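In: Got a predicted structure plus its sequence, pasted below:
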Amino acid sequence: MASQPNTLLSVEEYLDLELRTEYKNEYLDGEVFAMAGGLFPHVRIAANLIFGLRSQLGKSQCEAVGEVRVRTEDRRAYLYPDLVVFCEKRTWKRLVSQERVLVERFLRRTNGEWVYSSVHSLEDSLNLVAVPATLKLSEVYERVFPEVEEQQ
């Protein structure tokens, strides 16, 4: 049986599709991926992140929000991350796992190079560089993995 060839969309076609659909789609190099609904642990982690960062950011010029569509500088990808922190310049990317305690960070240096780091213990914290805030994994994952918290 022959497989159907994948039809790649232009950025303009993707953005038009986003206007016409009731659900969110991510875009990567011409391919479109429908976003699945978040499971409860996923939703709780996102809420913990946003609440924790908003309280730390206070009245600064920085803001933490969820589920905002962002695009990469080269316009090859349009994504809906669970958390976006922005001030004046929006150069960030963070990934938070819902299967285990893990926060991955891709920090962009002024020369354009991306540097990777990760934290993976409830005792760990991640100091954010672009905004005056610290992510404490014990707060990010609060009530998400009760069996892990009981072992602490």
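Out: It's in.

In: which outside residues touch the biggest helix by length in the chain?
Out: Counting residues, the longest helix found in the chain (DSSP state H) is helix 40-57. For helix 40-57, contacts defined as Cβ atoms under 8 Å, 6 or more residues apart in numbering pick out 38, 63-67, 82-83, 85, 96, 98, 131-136, 139-145. Where you see a C-beta, it was placed from the backbone N, CA and C, and this is true even at glycine.

In: Would you mark the buried spots in that helix?
Out: For helix 40-57, the neighbour count (16 or more other Cβ atoms under 10 Å) marks His42, Arg44, Ile45, Ala46, Asn48, Leu49, Ile50, Gly52, Leu53, Gln56, Leu57 as buried.

In: Turn those residues into CSV, including distance to Ser121.
Out: Shown next, in CSV, are the buried residues of helix 40-57 (distance: Cβ to Cβ, whole Å):
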residue, distance to Ser121
His42, 20
Arg44, 19
Ile45, 16
Ala46, 20
Asn48, 16
Leu49, 17
Ile50, 22
Gly52, 17
Leu53, 20
Gln56, 20
Leu57, 24
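
In: middle-most residue in the protein, spatially?
Out: In the chain, the residue lying closest to the centroid (Cα atoms, centre = their mean) is Pro81, at 3.2 Å.

In: wait, that residue sits on Thr72?
Out: No: using Cβ atoms under 8 Å as the test, Pro81 is too far from Thr72 to be in contact (11.5 Å).
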